[in-house]
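# just need the structure, nothing else, for what follows:
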Amino acid sequence: QRLRVHLYDDRIEAFLGSTLVVSHPRARGRGDGHRVHVINYHHVIHALRRKPQALWSSIYRDSLFPRTEYAEAWKALQRDLPRREACRRMVDLLFMAHDQACEAELAHLLEDDLAAGRLPDPKALLSRLSPKPMTLPRDVAVTHPSLDSFDALLGAHA
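Coordinates of the predicted model:
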């Protein structure tokens, strides 16, 4: 198969035949000469999960956070916790957003925690994200009609 890649100013698109397979955004450099990276954390979260300390010195770290709330959480964790614990908590938060597919909801909870002066704790946040256990409805009694009634129904239309 031939994969064709089209480069545009704002995106990269890949086509397999005439079918668009994937599209990724592109970013241009800032005015101060620094390079800008567009990183999707979904693509690297499993590697970070194995080595969370890599987050500390990653050149892609600031581009890795999906929303500003995550970047603010990283600043708070970095400021108030030892390096090892800060990296582990941040990677756990990113993995939770990826695994539970709750990026926006988790961002709101992070914002609430930071506004209250609390450091984000992945275990506590996971319990707030988990669905509430519900009881199943009681069994409903179902009475089945007799098979003779079907014969009578079919005989009436024949």
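# now do the contacts for the nearest residue to His42 once chain neighbours are set aside.
Excluding the flanking residues, the one nearest His42 by C-beta to C-beta, 6 or more residues apart in numbering is His98, at 5.5 Å. Where C-beta positions appear, they are placed from N, C-alpha and C, glycine not excepted. Counting by C-beta atoms under 8 Å, 6 or more residues apart in numbering, His98 makes contact with 41-42, 45.
# where does His98 sit, in terms of helix or strand?
helix 83-100 (DSSP states H and E).
# output that helix as PDB - backbone C-alpha positions only.
The C-alpha trace of helix 83-100 is given here as PDB (Å, rounded to 0.1, in the frame of the first residue of the first chain):
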ATOM      1  CA  ARG A  83      10.700  15.600  42.000                       C
ATOM      2  CA  ARG A  84       9.900  11.800  42.100                       C
ATOM      3  CA  GLU A  85       6.500  12.200  43.600                       C
ATOM      4  CA  ALA A  86       5.500  15.200  41.400                       C
ATOM      5  CA  CYS A  87       6.400  13.200  38.200                       C
ATOM      6  CA  ARG A  88       4.600  10.100  39.400                       C
ATOM      7  CA  ARG A  89       1.400  12.100  40.200                       C
ATOM      8  CA  MET A  90       1.400  14.000  37.000                       C
ATOM      9  CA  VAL A  91       1.900  10.900  34.900                       C
ATOM     10  CA  ASP A  92      -0.900   9.200  36.800                       C
ATOM     11  CA  LEU A  93      -3.200  12.100  36.100                       C
ATOM     12  CA  LEU A  94      -2.400  12.000  32.400                       C
ATOM     13  CA  PHE A  95      -2.900   8.200  32.300                       C
ATOM     14  CA  MET A  96      -6.200   8.600  34.100                       C
ATOM     15  CA  ALA A  97      -7.400  11.100  31.500                       C
ATOM     16  CA  HIS A  98      -6.300   8.700  28.800                       C
ATOM     17  CA  ASP A  99      -7.600   5.500  30.300                       C
ATOM     18  CA  GLN A 100     -10.900   6.800  31.600                       C
END
